[in-house]
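> Below are the sequence and a predicted model; questions follow.
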Amino acid sequence: MTPPPLEAVGVIGAGAVGQAVSTALVASAPPGRLLIASRVLDQAVALAADLGDMRHATASPVHPEACDVEGLADCTAVVVAVRTAFTNTHTADVRMAGAAANAPVIRALAACLHGYQGTVLVVTNPVDLMPRLFAEASGCPRVYGIGSNLDSARFRLTLARLLNVPADAVQGHVIGEHGDGAVVCASSTTVNGTPAQVPLAEVRAELRTRPGRISAGVGRTRSGPAGAVLSALRKALGLVDGTEELTAEHRGDWLGIPLRFTSGRPVACLPALNADEDAQLAATLTKLRGAYGRSAVLPHPQPLWRRREYPYRHPAAGRGRERDRAQQHRLRH
Ligand SMILES: NC(=O)c1ccc[n+]([C@@H]2O[C@H](COP(=O)([O-])OP(=O)(O)OC[C@H]3O[C@@H](n4cnc5c(N)ncnc54)[C@H](O)[C@@H]3O)[C@@H](O)[C@H]2O)c1
């Protein structure tokens, strides 16, 4: 059966992850438009041009275009993959280090997309806090964070290697936080439907060190996160049914949790936990609540839309010259 058209998907952030997500969409998505916005419009224009070449070379049905964030309002889904420049000095909880730098940008993007009704997938770290911040600041009803599904994929791959079985024989989840508070649900993990012995220390070491090894080798983790975005997008848009571990609101907390998507509608399916896992998850929730409280109250040093270098308008502002210039730059193929 031919999949339904995607209409339009937006990507905010034309850096490593934004580029990988956009490339994967042009390579494999159903027909539709791919709208790319970034802090520097020229970067989005350049990425759209490069992907335009790819589209023509591969006869892809996906049309890449550059636009500003407001141009994403009609998209079916928006992927947020921005990162503010900051120096990360953390040796533990490294993803949490981005909270102070990224929270104001996430808030400003949420203001631009206020009331947006499509699906928002947030990749920006710390990814267990930023989706909540985006959801609360924008009022968007379908906001998810990417991270626990990537951890779960890495877990299944690692366990398959350690037990010498095919990766698709392994069923198991990593939940809680995409970070030091990740909970490996070992007690419910199976191989070919049979409970598995999970070498937890080795699995945890691999989850902790793998991203750093990838970054050390190729600069950034990008293809893995892009795969996690595409997998989540397909389910959230109802192109396929299945389970995806995403950061989402569950009983008043935001955490990485398996969501079972049927025709794009999610139902949370927390796996059965043993006493250790239950205690780990409780500790992670306490940590995330505290960290969210601190990032949610971070002051705006200056409203972003008042800064000259900031390319977006405040939603209440009139039609500005920046917007007109952005529209003139749009690439249509
Ligand atoms: N959740 C995950 O699994 C996962 C995996 C990898 C990376 N990440 C996170 O994804 C984010 C992006 O990573 P990256 O490697 O692509 O970073 P990057 O530095 O390569 O790219 C960031 C992009 O964001 C753009 N940007 C910055 N401020 C912006 C703004 N105000 N509006 C629009 N665009 C803006 C920059 O211009 C740049 O194009 C980071 O927070 C990173 O930690 C998450």
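Noted; the coordinates are in hand. This is a predicted model, so every value here is computed, not measured.
> Please, which helix or strand holds the closest residue to the ligand within the stretch 151-300 of the chain?
Per CB to the nearest ligand atom, residue 225 is where the stretch 151-300 of the chain lies closest to the ligand, at 3.6 Å. (Each C-beta comes from the backbone N, C-alpha and C, glycine too.) Assessed by DSSP states H and E, residue 225 sits inside helix 223-236.
> Quick check: what element follows that helix along the chain?
Counting by DSSP H and E, what follows helix 223-236 is strand 242-250.
> Identify the residues contacting that next one?
Outside strand 242-250, the residues that touch it by CB atoms under 8 Å, 6 or more residues apart in numbering are 122, 127-128, 131-132, 135, 143-149, 151-152, 173-175, 178, 231-232, 235-236, 254-261, 266, 268-270.
> Report the entries of those that also contact the ligand.
Taking CB under 6 Å from any ligand atom as the test, the ligand is in contact with 127, 146, 147, 178 out of the contacts of strand 242-250.
> Which residues of the chain lie near the ligand?
So the chain meets the ligand at 12-18, 38-40, 43, 81-84, 98, 102, 105, 123-125, 127, 146-147, 150, 178, 220-221, 225 (CB under 6 Å from any ligand atom).
> Just want the phi and psi numbers for residue 35.
Reported as degrees, to the nearest 10, the phi and psi values for residue 35 are phi -100, psi 130.
> Please name the bridge partners of it.
residue 10, residue 65 (DSSP bridges).
> how many neighbours does it have?
Residues lying near residue 35 (other CB atoms under 10 Å) number 26.
> With residue 290 instead?
Using other CB under 10 Å: residue 290 sits among 9 other residues.
> in what helix or strand does it lie?
Using DSSP H and E, residue 290 falls within helix 275-296.
> quick one: contacts of that helix?
Helix 275-296 has contacts (CB under 8 Å, 6+ apart) with 96, 99-100, 103, 126, 128-129, 132-133, 136, 175-177, 181-187, 253-255, 273.
> what pLDDT, on average, does that helix get?
On average, the pLDDT along helix 275-296 is 94.
> Give me the nearest residue to whichever residue of the stretch 1-150 of the chain sits closest to the ligand, chain neighbours excluded.
Distances between the stretch 1-150 of the chain and the ligand by CB to the nearest ligand atom are smallest at residue 15, namely 1.7 Å. Distances taken as CB to CB, 6 or more residues apart in numbering place residue 83 nearest to residue 15, at 6.3 Å, with adjacent residues excluded.
> Fine by me, we can end here.
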